[in-house]
Every structure is written in C-alpha cells, then in structure tokens.
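In: Mind folding the following:
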Amino acid sequence: AAMPGGARGLYRRILLLHRALPAALRALGDRYVKEEFRKHKAAGPAEAQRFLREWEASARRPARNYAALIQQQINEDKQNLKEKAVYGIQLTEEKLNDFRDEQIGQLKELMDEATKPNKKITISKDSEHKN
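Out: Numbers count the residues shown, from 1 in each chain. A predicted model of the protein is given here:
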C-alpha cells in the first residue's frame, strides 16, 4: 500500500514553509522531512493516516501538527522583529512514551545536530507553544 495522494502536496508545503526558516534549521528540517516521508512511502493505510495527521494542519488541532505549527511560528517571527525567533515545541513525557526506540534515537540525533556549538538554532524551552 502507498501513502495517500495528499502526501505529496503536504511534503511540498512543508518544504516551502522551511524556506522561511534560518538556513541551518532549514537544512536540518529538509533533511529530516525527506527522510521521514521516504521511510513512510510504502506504509499501510492506518500507519499512513497517523503519519500524515502528525505532519499536516488540522482545524481541530492547529498547534499540534508540524506544518501548522511552523506556519504559525514563521508568522510570529515576521511580526516580532526585536526578539530572536524560537521554533518548535517541547515534547511532553506522554508523547515521548508513545515513541518507539527508533524514534527516540532519531530525536536524539536531531537534538545533537540542532545543538551543535556552531549552529545558530534556538530550541524551545516552553512546555507548550503559546498562542
């Protein structure tokens, strides 16, 4: 089984959103998104739906899905010229407990990459993104 056709549009939308991010964060995000979508290309219907739900914007859960969250944070960054932008959210313990060991490993790799001393990426310290 293949992922639904809407996956391609969502993939393009996320890469377009990344263009507004700082260069280092864009490169990291693009690499991660490409890898994740490639891994899930042949996912079964149920897994594909769960995967897409986490990435796409939803009217019911706009701040919890990646595309909507990044769009919101980009918009806030454009309006707030004085402070340095903060992208992302802190994952809850409950959410982390739902992850498989492989996913925890990927998060660790992302964190290590994003927090390298020569990178200028700000990791959110808030437990939840403020609206």
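In: C-alpha from now on. contacts and neighbour counts both.
Out: Will do.
In: Buried ones in the helix or strand harbouring residue 9, by neighbour count?
Out: Taking DSSP states H and E as the criterion, residue 9 maps to helix 6-18. Neighbour counts over helix 6-18 (16 or more other C-alpha atoms under 10 Å) mark 7, 10-11, 14-15, 17-18 as buried.
In: ditto for stretch 96-108
Out: Result for stretch 96-108 [16+ other C-alpha under 10 Å]: no buried residues.
In: Need the residues that contact stretch 74-82.
Out: 20-21, 84-85 (C-alpha atoms under 8 Å, 6 or more residues apart in numbering).
In: How much space separates residue 74 from residue 49?
Out: 26 Å (C-alpha to C-alpha, to the nearest Å).
In: of the two, who's got more company?
Out: residue 74 (19 against 14; other C-alpha atoms under 10 Å).
In: follow-up on the earlier one: in TSV, list the buried residues of helix 6-18 along with pLDDT and distance to residue 40.
Out: Formatted as TSV, these follow (pLDDT from 0 to 100; distance: C-alpha to C-alpha, whole Å):
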residue	pLDDT	distance to residue 40
7	84	10
10	87	13
11	90	12
14	90	16
15	93	17
17	90	21
18	91	20
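In: wait, which of those residues is closest to residue 92?
Out: Taking C-alpha to C-alpha as the measure, residue 14 is the one of those closest to residue 92, at 23.0 Å.
In: how many neighbours does the closest residue to that closest one other than its chain neighbours have?
Out: Ranked by C-alpha to C-alpha, 6 or more residues apart in numbering and with sequence neighbours excluded, the top spatial neighbour of residue 14 is residue 67, at 6.0 Å. Other residues near residue 67 come to 22 when the count uses other C-alpha under 10 Å.
In: quick one: residue 67 and residue 52 touch, right?
Out: No. Assessed by C-alpha atoms under 8 Å, residue 67 is found out of contact with residue 52, at 10.4 Å.
In: just to revisit the earlier point, narrow the contacts of stretch 74-82 to those that are buried.
Out: Of the contacts of stretch 74-82, these count as buried by 16+ other C-alpha under 10 Å: 20-21, 85.
In: Per-residue pLDDT of the residue nearest to the spatial centre of the chain, please?
Out: For the chain, the residue nearest the mean C-alpha position is residue 66 (4.4 Å; C-alpha atoms, centre = their mean). pLDDT recorded at residue 66 is 82.
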